[in-house]
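Asker: Would you be able to build a 3D model of this:
(2 chains)
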Amino acid sequence: MRLVQLHYSIPLARVKPPEQLLAYRTFCLKTTMQACQGGVHRRTQSPVTGKALEVFGHVEGLTYLCDPENGSLFLAEVPHTSDWASVLRAVNQYRHTPDGGVSSDLEQFREDSVYLPKLTWIQDTLRMQELHRPKVLEIVTPPSEFSSLLRDSGLFAEVITTDEMILCSCDPAIAQNSVQVALLRESLDRVDDPKALLDAVTRSLCEGGLLFVTGLVASGFDMAVLGTQNFYLYPPDRTNCFSLKGLSTFIEQAGFVLLEVSTPGVLDMEIVRSHLQRNPQLPLSRFERQIIHSDEETQLAFQGFLQQWGLSSFARIVARKRT
Amino acid sequence: MNCLLFGYGYMGKIRYQVLRNHPDIQRIMIVDPYREPSSLPAEARIIPPDTSIPWDQADVVFVCTPNNVTADLCVQALHRCGHVFCEKPPAKNWEDFCRIADAAQQIPGHTLVFGFNHRLHPSVQAARTLIGEGGVGPILYIKGTYGKSGGSRYRQSWRNQLGISGGGILLDQGIHMLDLFHVFLGPLNLVDAVLTDAFWDCGVEDNAFVLLKSEQGIPAFLHSSATLWKHTFCLEIGCREGYLIATGLLSQTGSYGREQLVIGKRQFEDQAFALGNPREEIIYFDRDESWQKEVDEFLTAVKNQRAPHHGALEDARRVMQLIRDVYALKTPQAGGPHPATAIVASAGGVGKDS
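Answerer: Residues are numbered from 1 along each chain as shown, chains lettered A, B, ... in the order given. Now for the predicted structure:
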């Protein structure tokens, strides 16, 4: 199994500017709450361990529960599946409007700093696993900026893009054992039933096929330090926020062997600092404040330490379906 | 298969642990007359000293002995059994190696594999897949540093006694790096070398600096050392589109550091925040399956009656030729005698010890 450290930094303002995030977040929360008015189902058991979930805290009145064994977080109440699919589509559409998450001037930077490194990661992994031009299943809330990059990369014999919510309910267009690679970019964070999604993906992969997963993890530094005060914890994007251990276990239980479990995030320190700038009263420990206010070299070194030991909040997992 | 294992030193123990858990191995017989029977594993069949070797009961033979007896045992094992795994170095010297090669040539259907497990380390295997078009591009050069600190009992070790070992740190440890150079560059020729015996003064080199060139003209440089007070393994591969640096080794002691591979992509001013400081990705590895893979490959080759995919006679020949050429070219400087001056001492056992 491998663990990865990225030796570079990206300014938060260039990929996830807090001001734009807050407007998008407000829309997400509002849309979720509206959907909840149509009826909800309460999630009581962890999809990882089956243990009874415990109350973790509240985000703008919405309750998050916690798996007591591994610290994974789950939104307690989610709307019915068809309503949830509408929520995901609505927030994705909003993200692509001028008021939404990413403004057009940031798009190129995001492509260079977020999408292309992900493509390089996939490319290098395919080489290391000696998989040449596989057929790939990309699981998204459509439309996805990443789809065209995948198609234009020349890495794949075929790129099939499918809606995560349709796949959850057994997308008839995706045959069993039909793809060699599946990409779950933060889909497990979003869907109302992550187990159903992962099972569907597992079925679509052929034996020995590779699964790529990215997501934010509750065990990472900024998530762990800020808890429910973290602006990045909100539904539907973070309906589920697994811990690294929880996510690894979840994938292994679905019939995979882990090849990479890493947290190459570069933004933990900056995220906590930006929260502290907005709210100096945040209940941080003296040590946490000391680290956050340290010089640039110390901060870079600490971020590197988080990456190196699986403690950043951005996680990447590569797993191979068992034969 | 029944296995006959010669030598229960450091390497013999490692091989034994892999073999005892291998599904194709039914029984292991151990020959090491210099070890107390109580120090040998109870579940193995121990062949007592002065007892004839049960060649007829062995399907495969593992030779994990000091270098001075390797060739005799390999030749005998090839004749009596036909399927032999020999620990590195392949022999004490070029002449001994040729005896093994000649014996192999006389035996049709034989299997002969030499233990070059470093090429199966995860960082090296990952590096191999990343070289070439679409990755970091073709190789421009390779530099390898591999060394250890020796330790207070260094002079007493058979590895540093010319009559037993046949050479110093280059033959003992540097040989692994030479094998890796071959893996990445193919056949190499010696350009120049400097050997010194400046610290340990054992009569064998404690530092070797070896400059090589591939048949395509790609340079490679090795520093093999017994005076690296911090244990070091570092393989640096410079390529047209980037670079790879494998450092650290997953080993029993962990003294070489965490095994990792740095992947750097070439970036000029238009692509990077700062010239000369490109994006790097560092992969850390936590599982070394090289011993297992090496034994698997040998036993599979025996079972399927096919040639081994690595560690074959030709791989061994290439590194032994280079070491022969280095020793012919240079003598240790500053202190030590020429390697040909035999230093005879008891090995204290037939097993390879660290």
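Asker: average pLDDT across stretch B:264-279?
Answerer: Taken as a whole, stretch B:264-279 has a mean pLDDT of 74.
Asker: typo on my end, it should be stretch A:286-297
Answerer: Across stretch A:286-297, pLDDT averages out at 94.
Asker: Same check on stretch B:144-161?
Answerer: On average, the pLDDT along stretch B:144-161 is 92.
Asker: Ends of it, what's the gap?
Answerer: One end of stretch B:144-161 to the other measures 25 Å (C-alpha to C-alpha, to the nearest Å).
Asker: so how far is it off the chain centroid?
Answerer: Distance, stretch centre to chain centre, for stretch B:144-161: 15 Å (C-alpha atoms, centre = their mean, to the nearest Å).
Asker: Which of the residues in that stretch are classified as buried?
Answerer: Using 16 or more other C-beta atoms under 10 Å in any protein chain shown as the test for burial, stretch B:144-161 gives B:144, B:145, B:146, B:147, B:148, B:150, B:154, B:157, B:158, B:159, B:160, B:161. Backbone N, C-alpha and C define where each C-beta goes, glycine included.
Asker: beta partners for the third one?
Answerer: In this structure, residue B:146 has the following beta-bridge partners (DSSP bridges): residue B:224, residue B:233.
Asker: For it, give its distance to residue B:198.
Answerer: Distance of residue B:146 to residue B:198, given as C-beta to C-beta, to the nearest Å: 18 Å.
Asker: Next: the last one.
Answerer: Using C-beta to C-beta, one obtains 18 Å as the distance from residue B:161 to residue B:198.
Asker: what sits against residue B:232?
Answerer: If you count contacts by C-beta atoms under 8 Å, 6 or more residues apart in numbering or on different chains, residue B:232 has them with B:145, B:146, B:147, B:225, B:247, B:256.
Asker: oh sorry, the question was meant for residue B:20
Answerer: B:28, B:41, B:43, B:44.
Asker: Let's verify the second one: helix, strand, or coil?
Answerer: What it means is residue B:41. The three-state assignment at residue B:41 reads coil, by DSSP: H, G, I helix; E, B strand; the rest coil.
Asker: I figured it was touching residue B:30, is that so?
Answerer: Yes: with contact defined as C-beta atoms under 8 Å, residue B:41 counts as touching residue B:30 (7.4 Å).
Asker: Look up the closest residue to residue B:258, ignoring the ones flanking it.
Answerer: Leaving out its chain neighbours, the residue that sits closest to residue B:258 by C-beta to C-beta, 6 or more residues apart in numbering or on different chains is residue B:248, at 4.9 Å.
Asker: who touches stretch A:146-163?
Answerer: A:85, A:111, A:115-116, A:118-119, A:122-123, A:126, A:133-142, A:144, A:171, A:173-174, A:179, A:181, A:183, A:185.
Asker: Buried ones from those, can you make that a ChimeraX selection?
Answerer: Here is the ChimeraX command that selects the buried residues among those (16+ other C-beta under 10 Å):
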select /A:85,115,118,119,122,123,126,134,136,137,138,139,140,141,144,171,174,179,181,183,185
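Asker: Confidence-wise, which helix or strand of chain A is lowest on average?
Answerer: In chain A, the helix or strand scored least confidently by mean pLDDT, DSSP states H and E is strand A:2-6, which has a mean of 64.
Asker: Doesn't residue A:270 lie inside a strand?
Answerer: No: checked against three-state DSSP, residue A:270 lies outside a strand; its state is helix.
Asker: what's the distance between it and residue A:220?
Answerer: 13 Å.
Asker: Got the confidence number for residue 16?
Answerer: Defaulting to chain A. At residue A:16, pLDDT is 69.
Asker: try again with chain B
Answerer: For residue B:16, pLDDT reads 96.
Asker: And the pLDDT for residue 40?
Answerer: In the absence of a named chain, this looks at chain A. 93.
Asker: look at chain B instead
Answerer: pLDDT, residue B:40: 89.
Asker: just the one 5 residues further on next, same as before
Answerer: The pLDDT attached to residue B:45 in the predicted structure is 89.
Asker: give the contact list for it.
Answerer: Residues counted as contacts of residue B:45 (C-beta under 8 Å, 6+ apart) are B:27, B:28, B:29, B:30.
Asker: For burial, what's the neighbour tally of residue B:118?
Answerer: Counted with other C-beta atoms under 10 Å in any protein chain shown, the neighbours of residue B:118 add up to 23.
Asker: For the residue nearest the centre of chain A, name its beta-bridge partners.
Answerer: Note on chain A: the residue nearest the mean C-alpha position is residue A:215, at 2.2 Å, using C-alpha atoms, centre = their mean. Beta bridges link residue A:215 to residue A:315, judged by DSSP bridges.
Asker: That one against residue A:248, yeah?
Answerer: No: under the criterion of C-beta under 8 Å, residue A:215 is not in contact with residue A:248, lying 11.3 Å apart.
Asker: buried sites along stretch A:196-208?
Answerer: Buried residues in stretch A:196-208, counted by 16+ other C-beta under 10 Å: A:196, A:197, A:198, A:199, A:200, A:201, A:202, A:203, A:204, A:205, A:206.
Asker: Redo these as a markdown table? Include pLDDT.
Answerer: Listed next are the buried residues of stretch A:196-208 as a markdown table, based on pLDDT from 0 to 100:
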| residue | pLDDT |
| --- | --- |
| A:196 | 94 |
| A:197 | 95 |
| A:198 | 96 |
| A:199 | 94 |
| A:200 | 94 |
| A:201 | 95 |
| A:202 | 95 |
| A:203 | 93 |
| A:204 | 94 |
| A:205 | 96 |
| A:206 | 95 |
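Asker: for those residues, which one is nearest residue A:80?
Answerer: The closest of those to residue A:80 turns out to be residue A:196 (C-beta to C-beta; 13.7 Å).
Asker: Before I go, just wanted to say thanks for your time.
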